[in-house]
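A.B. asks: I'll drop the sequence and a predicted model, then ask my questions.
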Amino acid sequence: MLPADVYELTGVADPRLSPDGSAVAFVVWSVDREANRYRGAIWLVPVDGSSPPRQVTAGEKRDADPRWSPDGRSLAFTSDRDGEKKQLYVLPTAGPGEARRLTDLDEDAEHPAWSPDGSTIAFCARVPDPAQREPDERKRPPRRIKRLQSKLDDEGWTLERPHHLFVVLTDGSQPPRQLTSGDHEDTHPTWSPDGTRIAFTSARHQDWDLTLITDIYVVDASGGDPSCVTGTDGDCAWPSWSPDGSRIAYLFTPGVFDEPHHGQVALVEQSTGQREILTASLDRNCKPYPELREPIWDGDALVFSIEDHGTVPLHRVRADGTAAPEPVIAGEFCVTGYDAVGGRIVHSLTTPASLSELYVWERKITDVGSAFAQAHELAAPERFAAASSDGVEVEAWMVRPLGLEEGRTYPVLLNVHGGPFTQYASRFFDEFQVYAGAGYGVLYANPRGSSGYGEEWGRAIRGPVAGGPGWGSVDYEDLMAVVDEAVKRFDFVDPDRLGVMGGSYGGYMTSWIVGHTDRFRCAVSERAANNLASLDASSDFAALFKGYFGASFWEAPEEYRRVSPVTYAKDITTPLLIIHSENDLRCPVGQAEELFVVLRSLKREVELVRFPAESHELTRSGSPAHRVKRFEIILEWLDRHLQS
């Protein structure tokens, strides 16, 4: 895979079964090179394979979020076909007929949900302050900020444009009606089975901006004051009504300023507010990143996804809690979307060497990525384990360089994932394919601090103020042990030509590593957290890092200084490429500038690359042209230092 092959990527996403379980609607996404945009089209296919998939929307821009009407005769979906913002449309499934537009919004329509009688669709959208619509920024009024959570990476300013719930009649006879209001973020609407109430996710407690707590609320379908049905003691999201309307399932992450914890599948009784957690016995994270969807009711059970040893499988658990959760779809892959109706499960999945496709149980029913796979030699990883300095076993993977010749040695790149509470997983990753295709071995691991394992593993790097040793401790030891084991295990590894790279927390670890060892010949630190004190003051998660560290930066300045890579910048002699996005709100660009200023002042070999108009999500959903250019810059840097 070459950098420009980003334009050829495609895949299946968001499969949704018809109410009778006979057909699947899904999205096929692709990249438009000429327009430098992502495209999406809605497709349909019968689950029995009696006819091939057929495309039902043009996909000239980005059609997404297919949702079946209760009678199965129509599909709602969102699209930006008529402008820059996603509007809500309804399309007959049997045809003929054109899609009917239901909204004309200033912001994207999101999370559409049909009412049980099919007459109405609930959705959410941001509601902008009219004063901020002034096109001349020199006349626009200043922002008067009174709360912390006022901006969000890849979204921009949110304080004058919060998410709220809307309902719209499906016959298009009336404009949408706003259901909720106020200085709150209201998302994930879902209808009660009798159609009288809508559950949603929000944070409406006093001083809600000072925590990461959210709750499940219920509002009457005609409007009114929402009522909270959960306990304001953690993160509650993605509600899902039971068939009889007496309970709501949701994803619950317990704890207040006590990260990380595993996400759980929970149930709350509508009448009593009593909560039951159904998945504690798994000791796995039931809220994978990226988030997929709500727990799905399938009869008297719930279907949900988890993270497990570098995979994302599906599990099922009885809602009465009488049995432990059991796997229903599992293997060396990652589920990327799923649905369940009447005991039938459909899902999309990806592997390290294949793009995402649609499956009914184990039978593949799409083939959208075959042309890409046939046109490219794709590498698959080898799993192994390394013993850390204290004897703990760490899972790791090696991708051999393509075209490997026996008897030759090759440069190898240690890649560190972000998070830290996430995992490298068995999914197609363009990064690894491009580097392997360029002649590099790719080494990666899930050190302590990662998700996908027991909760103790994920919490091992809390602190350093309280709870553990903090970042740059056992995670660093684990990664160095993985490098040592790879050098011993794989005879093609050239120990004198090692590189290290990573983004976000992976960028933090890259900056940390080269400040504590000179065993790597070069490094690439992307969208990194380099000064944790200034990050805690400037991130879109400002003042919330104490959940990991045990205190805020003003309460423990010396501890923040001690675990910040910029503190050790004077010890960095490894040539360092720093890459950052100018619109990154998670790790603002000042994080890159601070490290660059120190290293350049010390006359070290360093280069800062700034991408305009990009967020923290550059490598995943950034401009395709910028993704290609980023690859070209990185490969030029790596070739200069490692291919001699």
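C.D. replies: The structure has been received and is ready for your questions.
A.B. asks: all helices of the stretch 401-550 of the chain, in order?
C.D. replies: Per DSSP state H, counting those that start in this stretch, the stretch 401-550 of the chain carries helices over the ranges 430-437, 455-458, 474-489, 505-514, 532-538, 546-549.
A.B. asks: so can I have TSV of those showing distance to Glu332, mean pLDDT and mean neighbour count?
C.D. replies: (Glycine included, C-beta is placed from N, CA and C.) Listed next are the helices of the stretch 401-550 of the chain as TSV, based on distance: least, C-beta to C-beta, whole Å; pLDDT from 0 to 100; neighbours: other C-beta atoms under 10 Å:
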stretch	distance to Glu332	mean pLDDT	mean neighbour count
helix 430-437	15	98	22
helix 455-458	20	98	17
helix 474-489	19	98	21
helix 505-514	23	98	28
helix 532-538	36	98	20
helix 546-549	31	96	21
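A.B. asks: Need those in TSV (columns: distance to Phe77).
C.D. replies: Shown next, in TSV, are the helices of the stretch 401-550 of the chain (distance: least, C-beta to C-beta, whole Å):
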stretch	distance to Phe77
helix 430-437	27
helix 455-458	36
helix 474-489	42
helix 505-514	35
helix 532-538	37
helix 546-549	37
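A.B. asks: out of these, which comes closest to Leu414?
C.D. replies: helix 474-489 (5.9 Å; C-beta to C-beta).
A.B. asks: returning to that earlier point: quick one: which of the helices of the stretch 401-550 of the chain is nearest Gly72?
C.D. replies: By C-beta to C-beta (comparing all of the helices of the stretch 401-550 of the chain), the closest turns out to be helix 430-437, at 36.5 Å.
A.B. asks: Pull the residues that contact that closest one.
C.D. replies: 1-3, 5-6, 9, 352, 376-379, 381, 399-402, 413, 415, 442, 444, 619, 631, 635, 638 (C-beta atoms under 8 Å, 6 or more residues apart in numbering).
A.B. asks: Just the ones in strands from those, please.
C.D. replies: Using DSSP state E, the subset of the contacts of helix 430-437 located in strands is Val399, Leu413, Asn415, Val442, Tyr444.
A.B. asks: Next, count neighbours for the third one.
C.D. replies: If you count neighbours by other C-beta atoms under 10 Å, Asn415 ends up with 23.
A.B. asks: same question, the fourth one
C.D. replies: One way to gauge burial is a neighbour count; for Val442, by other C-beta under 10 Å, it gives 23.
A.B. asks: Can you check the pLDDT for it?
C.D. replies: Note for Val442: predicted pLDDT of 98.
A.B. asks: again with the first one
C.D. replies: Val399 is assigned a predicted lDDT (pLDDT) of 98.
A.B. asks: Need the nearest residue in space to it, chain neighbours excluded.
C.D. replies: Take Val399 and drop its neighbours on the chain: the residue closest to it by C-beta to C-beta, 6 or more residues apart in numbering is Val442, 3.9 Å away.
A.B. asks: the residue most distant from the middle of this protein, which is it?
C.D. replies: Gly407 (40.3 Å; C-alpha atoms, centre = their mean).
A.B. asks: Now list the buried members of the contacts of helix 430-437.
C.D. replies: 1, 3, 5-6, 9, 352, 376, 378-379, 381, 399-402, 413, 415, 442, 444, 619, 631, 635, 638 (16 or more other C-beta atoms under 10 Å).
A.B. asks: contacting residues for His417?
C.D. replies: Gln423, Tyr424, Tyr444, Asn446, Ser450, Gly502, Tyr505, Gly506.
A.B. asks: can you list contacts of stretch 508-519?
C.D. replies: Counting by C-beta under 8 Å, 6+ apart, 416, 471-472, 475-476, 479-480, 483, 495, 498, 500-502, 520, 523-526, 528-530, 565-569, 571-574, 576, 595 sit against stretch 508-519.
A.B. asks: give me that answer again for 6 Å
C.D. replies: Here stretch 508-519 makes contact (C-beta atoms under 6 Å, 6 or more residues apart in numbering) with 416, 472, 500-502, 523, 525, 528-530, 565, 568, 571-574.
A.B. asks: quick one: which of the residues you listed is most hemmed in?
C.D. replies: Ser525 (32 neighbours).
A.B. asks: Can you give me the separation between the residue farthest from the centre of the chain and Asp491?
C.D. replies: For Gly407, the distance to Asp491 equals 9 Å [C-beta to C-beta, to the nearest Å].
A.B. asks: try Lys86
C.D. replies: 52 Å.
A.B. asks: out of these two, which sits in the busier spot?
C.D. replies: Higher neighbour count among Lys86 and Asp491: Lys86, with 24 against 10, using other C-beta under 10 Å.
A.B. asks: what's near enough to touch the more buried one?
C.D. replies: Counting by C-beta under 6 Å, 6+ apart, Lys86 has contacts Thr78, Asp80, Asp108, Ala109.
A.B. asks: Would you mind confirming that the third one is in contact with Lys85?
C.D. replies: When you say that, I think you mean Asp108. Yes: Asp108 is in contact with Lys85 according to C-beta atoms under 6 Å; the separation is 5.3 Å.
A.B. asks: Out of the contacts of His417, which is nearest to Arg133?
C.D. replies: In terms of C-beta to C-beta, no member of the contacts of His417 lies closer to Arg133 than Tyr505, at 36.8 Å.
A.B. asks: hang on, isn't that closest one packed against Val416?
C.D. replies: No: judged on C-beta under 6 Å, Tyr505 makes no contact with Val416 at a distance of 7.6 Å.
A.B. asks: in the protein, which helix has the most residues?
C.D. replies: Scanning the chain for the longest helix, with DSSP state H as the assignment, gives helix 624-642.
A.B. asks: how big is the angle separating that one from helix 430-437?
C.D. replies: 40 degrees (axes from the mean of the first three to the mean of the last three C-alpha atoms, to 10 degrees).
A.B. asks: Now do the phi/psi pair for the residue nearest the centre of the chain.
C.D. replies: Nearest to the mean C-alpha position of the chain, by C-alpha atoms, centre = their mean, lies Pro290 at 2.6 Å. Reported as degrees, to the nearest 10, the phi and psi values for Pro290 are phi -70, psi 150.
A.B. asks: Next: Arg562.
C.D. replies: Torsion angles, degrees, to the nearest 10, at Arg562: phi -70, psi -30.
A.B. asks: And it, how far from Trp512?
C.D. replies: Computed with C-beta to C-beta, the distance linking Arg562 and Trp512 is 12 Å.
A.B. asks: quick one: stretch 257-275 to chain centroid distance?
C.D. replies: 21 Å (C-alpha atoms, centre = their mean, to the nearest Å).
A.B. asks: tell me the contacts of Val28?
C.D. replies: With C-beta under 6 Å, 6+ apart, Val28 has these contacts: Ala41, Trp43, Val368.
A.B. asks: Who wins on neighbours among those?
C.D. replies: Among these, Trp43 has the most neighbours (other C-beta under 10 Å), with 23 neighbours.
A.B. asks: Check what pLDDT that residue gets.
C.D. replies: Predicted confidence (pLDDT) for Trp43: 98.
A.B. asks: next one: Ser271
C.D. replies: 86.
A.B. asks: Count residues in the vicinity of it, would you?
C.D. replies: 8.
A.B. asks: Now do the same contact list for Leu165.
C.D. replies: Cys124, Leu179, Thr180, Asp186, Pro189, Phe200.
A.B. asks: Over to Arg521?
C.D. replies: Arg497, His641, Leu642.
A.B. asks: Ser281 belongs to a strand?
C.D. replies: No: assigned with DSSP: H, G, I helix; E, B strand; the rest coil, Ser281 falls outside any strand and is helix.
A.B. asks: tally of neighbours for it?
C.D. replies: Ser281, neighbours per other C-beta under 10 Å, totals 12.
A.B. asks: What's the separation between it and Gly454?
C.D. replies: From Ser281 to Gly454 the distance is 12 Å (C-beta to C-beta).
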